Structure formats: C-alpha cells, structure tokens
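In: here are the coordinates; sequence isn't available:
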C-alpha cells in the first residue's frame, strides 16, 4: 500500500533449486510456497506488533539453468492502516480546530499538521533499512551462505 519496493535478481540455477534455497529455514524470515512459481515471505518485527515485512516472490525460468527472482517487499497491512489512521486523525483534529477559531500559528496546531509528514519520512527511512536487511537475507539464501545481520 504505502511502502513497496521491488527487486529483480537473476541466478544461474534452475527454478526448483532456487525455490528450495529460498524456502530454507532461518530464524529471521519464513518463506512458504504458494505454488511452483510463487512464494510468500514474512520477516517479523521482534520488537513489537507491526512493522513486519511481507514479500511476494515470483520465480521465472529463463532457461534450464537460469532463473529470474522478482521480490516485492512491503509493510504488513496493520502498519499501513495504523499510519493512515494516525495521519487522517491528526489532520482531522487540526482542521476541526482551524474551523473553530484556533490560530494557525498555534504550536499545537503546527505540531499536529507536521507530525504525519515527519512520521512518514521516518517510516520511509526505516522501511529502507528493513528492505536492505531482508534483501541481504534473500541473497545469502540464494548463494547458500549464512544470512548476515
């Protein structure tokens, strides 16, 4: 919804080996097979609810020993809905206060109008960090290495 990042990787391995390597168990990420060419990955946030990363993984065989791995990472629905409700709520309160005669230069009003923007920027940067972390794990799984932190 709000924060989505797509990646495309090409490996010199057949599709069945790539699928098995991605499904390898790690303590950081769980990947399940939906069908032969689609996988679903989940990296849980271990520090609370929300901020889980969901991955949609599509495999396409280019030749007998080459496979394209397309990965779409996004925040879970709970995180997206929480951010939208928070932003709309703060902006709604701000508009209500403006309609009822609050001064536009009021500190409280300025804070309510700018906090959603600052929150979105902070969330975008944290999503970038999570995205890099999960891609390192996927690349290490494809290369049969131990996942880096």
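Out: That came through, no problem. Quick caveat: nothing in here was measured; it's all calculated off a predicted structure.
In: check which helices and strands the least confident helix or strand in the chain by mean pLDDT is in contact with.
Out: Within the chain, confidence by mean pLDDT, DSSP states H and E is lowest for helix 77-99 among all helices and strands, at a mean of 85. Contacting helix 77-99 under the criterion 3 or more CB pairs under 8 Å, 6 or more residues apart in numbering; DSSP states H and E are the following elements: helix 107-142. Heads up, the C-betas are built off the backbone N, CA and C, glycines and all.
In: mind listing what's buried along the helix it packs on?
Out: Judged by neighbour count using 16 or more other CB atoms under 10 Å, the buried positions of helix 107-142 are 109, 112-113, 116, 123, 127, 130-131, 133-135, 137-142.
In: any idea of the mean pLDDT in it?
Out: Averaged across helix 107-142, the pLDDT comes to 87.
In: cool, and stretch 17-24?
Out: 88.
In: who touches it?
Out: The contact list for stretch 17-24, computed with CB atoms under 8 Å, 6 or more residues apart in numbering, reads 11, 13, 31-33, 36, 39, 41, 57, 59, 67, 69, 138, 141-142, 144.
In: give me the subset of these that lies in strands.
Out: 11, 31-33, 39, 41, 57, 59, 67, 69 (DSSP state E).
In: tell me, how many residues neighbour the closest residue in space to residue 44 that isn't next to it in sequence?
Out: Excluding its sequence neighbours, the residue lying closest to residue 44 (CB to CB, 6 or more residues apart in numbering) is residue 52, at 5.2 Å. Residue 52 is flanked by 17 other residues according to other CB atoms under 10 Å.
In: what's near enough to touch residue 52?
Out: Taking CB under 8 Å, 6+ apart, one finds 42-45, 75-76, 78-79 in contact with residue 52.
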